[in-house]
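*Asks:* Please work out how this folds:
(2 chains)
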Amino acid sequence: MNYIDCFRALARRRTDEIVVTSAGNSSQAWWAVTRDSEASFYLDASMSLSTMFASGLALAQPQLKIWAFMGDGAFCMNPGMLMVEREMNLPNLTHFLVSNRAYGGTSNAVLPNFADNDYAAMARAMGLSRVFEFRSIDAIDRGFSQLSGANAPGHTFVVLEVEPFSAQEQKLEQPPFDGPELKFRFGRLVERRANCSVFGYRL
Amino acid sequence: MTDKPSDVAHEIVNELAACDVKLVASLPDNWLMGLISAIDADQRFVHVRVNREESAIGLCSGAYMGALGSAALMGASGFMTVVYAITKINYTYEIPLFLILTLRGAVGDHHKHHVSNGLYLRSVLEGINMPYQVLDSSRDIPSISRCYRHTRIYGRPMAVLLTRDLLLGESR
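*Replies:* Sure, this is the predicted structure:
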């Protein structure tokens, strides 16, 4: 499945989910298909921590539905995160593992054991039960409704098997935001949606 | 005030609650076990045991973006593994973070394998321009609230460093 087509398919199914992306290609891809500058936090600087960041947000605001993207390169750096996610078991969090079997953000450098890593099996071994795998756009079209019931019991883990970025796709624009601008744009949206005060004062 | 370890743990816990910390992410250090147990037993907190220290940084940073007060609790050795996460997440996006660390390797620490923390922990904190304050007795515990509030003003991380004398009583 083409990486960008996969993200287009997800974007078409997005309703009011707040998104956290990861270091590497997921930020480029999500920015390319959505140009979302408020309800997405492009956590570019975060090898392996996008879903922990998203877990903190999901815990803080249980009424918000959170999608978090992470590449398998990031996942391999910190697979134990799933133990924490399983124990927190947040029903409003969906962890999308974007498996391109490469370090996409670093020119598709080779990932250890890339041919044999079974991410869904690893998740199940850590006790997750809401585990899904999609290998084609058709599969997303057919099966996405099973997981779109966020706020169903338990945390959701979705493996998306995609092709690595092509040389042309690697040139896609990175989200252009300075860090503090992104923080404030995103935080103000959270404040509006959740009627809370992130920064200690509301505008 | 008394320096009895269980009292110290409860004083720290009350101080955290007073500054509206709701989430505590922790990794163990033998000096912190009493404090971690006190937090775990206290219904005012959600206590999350994380798999590694970087996960605590991610979790607490996300909690901030959801308006939830938090603290990351870890040993000095664990802190030495999180420089990337802090400089990338908390400095790039200017996200406040409150860290509670042990001041390992200082006078009173009997463990030779913590000598490196004695040599380098403060240097590393200073090297990344992270403010810190040493808490050495129960009289210092009210500083927790002040330091926590400072993270919100400063928009970046700050650490308090807990000594062995504070956590376990004065050693020889």
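*Asks:* for chain B, what spans make up the strands?
*Replies:* Counting by DSSP state E, chain B has strands at residues B:21-26, B:46-49, B:69-74, B:97-102, B:132-135, B:157-162.
*Asks:* center of chain B - which residue?
*Replies:* B:Ile100 (0.5 Å; Cα atoms, centre = their mean).
*Asks:* Excluding chain neighbours, give the residue nearest to it in space.
*Replies:* Nearest non-adjacent residue to B:Ile100, counting by Cβ to Cβ, 6 or more residues apart in numbering or on different chains: B:Leu73, 4.6 Å away. Where C-beta positions appear, they are placed from N, C-alpha and C, glycine not excepted.
*Asks:* how about that neighbour, what does it touch?
*Replies:* When contacts are counted by Cβ atoms under 8 Å, 6 or more residues apart in numbering or on different chains, B:Leu73 touches B:24-27, B:32, B:35-36, B:39, B:56, B:99-100.
*Asks:* one more time with 6 Å, if that's ok
*Replies:* Applying Cβ atoms under 6 Å, 6 or more residues apart in numbering or on different chains, we find B:Leu73 in contact with B:24, B:26, B:100.
*Asks:* Assess the claim that the first one and B:His47 are in contact.
*Replies:* Read it as B:Val24. Yes. With contact defined as Cβ atoms under 6 Å, B:Val24 counts as touching B:His47 (5.2 Å).
*Asks:* shared neighbours of those two, anything?
*Replies:* Common contacts of B:Val24 and B:His47, defined by Cβ under 6 Å, 6+ apart, comprise B:Ile39.
*Asks:* more crowded one of these two?
*Replies:* Taking other Cβ atoms under 10 Å in any protein chain shown, B:Val24 and B:His47 do not tie; B:Val24 has more neighbours (28 against 16).
*Asks:* Show me the beta-bridge partners of A:Phe157.
*Replies:* When bridges are called by DSSP bridges, A:Phe157 pairs up with A:His95, A:Val131.
*Asks:* tally of neighbours for the residue lying closest to A:Arg14 once chain neighbours are set aside?
*Replies:* Leaving aside its sequence neighbours, A:Arg14 sits nearest to A:Trp67 (Cβ to Cβ, 6+ apart; 7.4 Å). By other Cβ under 10 Å, 22 other residues sit near A:Trp67.
*Asks:* near chain A, which residues of chain B?
*Replies:* B:50-51, B:55, B:58-59, B:61-63, B:65-68, B:88-89, B:92-94 (Cβ under 6 Å from any Cβ of the partner chain).
*Asks:* From A:His155, how far off is the closest residue to A:Cys196 other than its chain neighbours?
*Replies:* Closest residue in space to A:Cys196, ignoring its immediate chain neighbours: B:Ala67 at 4.0 Å, by Cβ to Cβ, 6+ apart. Note on B:Ala67: its distance to A:His155, by Cβ to Cβ, to the nearest Å, is 21 Å.
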